[in-house]
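Asker: heads up, no residue letters with this:
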């Protein structure tokens with residue numbers, strides 16, 4: 001039994017030597033993913049005060065709670081950012097001190113953008129309420145809509161992305177992806193009054209640009225035509241541009257960095273688009289033809305014949 005255990009340990013250690021990029025021996029722990037998720041939740045509480053508290057939020061104490069929350073976010077987020085940007089070849093005390101100072105500057109600049117993020121989210125809540133007859137209050141949207149959760153985390157992560165913070169924005173949006181099934185890359189650019197209805201299965205790629213007053217439904221992909229060149233495509237515009245006042249219905253795919261969807265366009269469900277669409281157009285897949293016949297049991301049976309045409 002002991003020999004078997006030693007053999008297993010030995011084979012695992014050999015695997016560590018074989019695949020060094022997936023092993024961080026003799027190095028400081030880069031980041032704490034669980035702590036970053038906790039920081040994200042604290043930022044959400046800062047953005048929507050009174051909604052996700054454990055107890056009643058009294059008005060006269062709000063400023064103290066904001067200060068306490070800011071301290072938690074500033075300390076922990078700075079520490080995590082410093083670990084990433086301080087993971088340099090020198091790995092000496094000067095390098096670490098420089099990383100800590102830089103991280104603190106980044107976090108203060110990020111926190112200064114909190115009112116701007118709240119302005120954007122206020123429009124997103126308005127868009128969700130105006131666009132969904134099933135919504136009976138804005139409180140319902142803030143508390144329960146997965147689309148707003150994903151957009152909130154995206155807007156947090158996007159500001160960190162613009163501040164050139166490595167890795168952490170992606171960890172945040174992938175957390176939202178795992179919770180909601182909505183995959184928004186933090187590098188995407190999204191305007192105000194953005195509404196995701198239902199949301200499951202939505203993919204929005206890194207170089208996507210989305211205008212104002214855009215509404216998308218579940219299963220929509222705003223993606224790249226091909227990623228076979230891998231890292232050679234880094235920094236290249238691979239994903240579509242969506243204009244203002246656009247509605248994209250469920251399971252539509254819009255692909256390619258040169259694809260521009262004009263203002264006021266409506267894209268029907270299941271459409272597959274790889275070229276630009278002019279302002280005001282309606283793009284739809286031809287309706288399926290339904291054929292009905294009398295079944296042997298006397299009940300109607302139904303067969304569907306689908307023809308796809310854009």
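Answerer: Done, it's in. Every value quoted in this text rests on a predicted model; they were computed, and no experiment measured them. Numbering: from 1, shown residues only.

Asker: wait, what's in contact with residue 206?
Answerer: Counting by C-beta atoms under 8 Å, 6 or more residues apart in numbering, residue 206 makes contact with 185, 187, 188, 238, 239. Every residue, glycine included, has its C-beta placed from N, CA and C.

Asker: How about the secondary structure of the fourth one?
Answerer: When you say that, I think you mean residue 238. coil (DSSP: H, G, I helix; E, B strand; the rest coil).

Asker: Quick check: the gap between it and residue 173.
Answerer: Going from residue 238 to residue 173 by C-beta to C-beta, to the nearest Å gives 17 Å.

Asker: and the two? which has more neighbours close in?
Answerer: Counted by other C-beta atoms under 10 Å, residue 238 and residue 173 do not tie: residue 173 has more neighbours, with 25 against 21.

Asker: just checking, the more buried one is part of a helix?
Answerer: Yes: with three-state DSSP as the criterion, residue 173 is part of a helix.

Asker: show me what contacts it?
Answerer: 150, 153, 154, 157, 183, 184, 185, 186.

Asker: Show me those residues that map onto helices.
Answerer: Taking DSSP state H, the ones among the contacts of residue 173 that sit in helices are 150, 153, 154, 157.

Asker: Among these, which one sits closest to residue 197?
Answerer: In terms of C-beta to C-beta, no member of those lies closer to residue 197 than residue 150, at 12.0 Å.

Asker: Isn't that closest one up against residue 185?
Answerer: No: here residue 150 does not reach residue 185: they are 11.5 Å apart, not a contact under C-beta atoms under 8 Å.

Asker: Sort out which residues of stretch 98-107 are buried, please.
Answerer: 98, 99, 100, 103, 104, 106, 107 (16 or more other C-beta atoms under 10 Å).

Asker: any chance of these in a markdown table, with pLDDT and secondary structure too?
Answerer: What follows is the buried residues of stretch 98-107, written out as a markdown table (pLDDT from 0 to 100; DSSP: H, G, I helix; E, B strand; the rest coil):
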| residue | pLDDT | secondary structure |
| --- | --- | --- |
| 98 | 86 | helix |
| 99 | 87 | helix |
| 100 | 89 | helix |
| 103 | 95 | helix |
| 104 | 96 | helix |
| 106 | 97 | helix |
| 107 | 97 | helix |
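
Asker: Which one of these is nearest to residue 64?
Answerer: Nearest to residue 64 among those: residue 107, at 20.3 Å, using C-beta to C-beta.

Asker: ok, the closest one - contacts?
Answerer: 73, 74, 77, 78, 81.

Asker: Filter those down to just the ones in strands.
Answerer: Among those, no member falls in strands (DSSP state E).

Asker: Now rank those by neighbours and give me the top one.
Answerer: Of the contacts of residue 107, with other C-beta under 10 Å as the count, residue 81 tops at 27 neighbours.

Asker: Look up the pLDDT of it for me, please.
Answerer: Looking at residue 81, its pLDDT is 95.

Asker: so who does it touch?
Answerer: By C-beta under 8 Å, 6+ apart, the contact set of residue 81 is 103, 106, 107, 165, 168.

Asker: quick one: the third one and residue 122, what's the gap?
Answerer: With distances defined as C-beta to C-beta, the gap from residue 107 to residue 122 amounts to 23 Å.

Asker: Over to the second one?
Answerer: Remark: distance between residue 106 and residue 122 (C-beta to C-beta) = 25 Å.

Asker: Please apply the same query to the last one.
Answerer: Distance of residue 168 to residue 122, given as C-beta to C-beta: 25 Å.

Asker: the more surrounded of these two?
Answerer: Neighbour totals were compared for residue 168 and residue 122, and residue 168 leads with 21 against 14 (other C-beta under 10 Å).

Asker: Quick check on that one: phi, psi?
Answerer: Backbone dihedrals for residue 168, given as degrees, to the nearest 10, come out at phi -60, psi -40.

Asker: so what's it up against?
Answerer: Applying C-beta under 8 Å, 6+ apart, we find residue 168 in contact with 31, 36, 77, 80, 81, 84, 157, 160.

Asker: From residue 157, how far out is the third one?
Answerer: Put plainly, it is residue 77. Distance of residue 77 to residue 157, given as C-beta to C-beta: 12 Å.

Asker: Having no further points to raise, I will conclude here.
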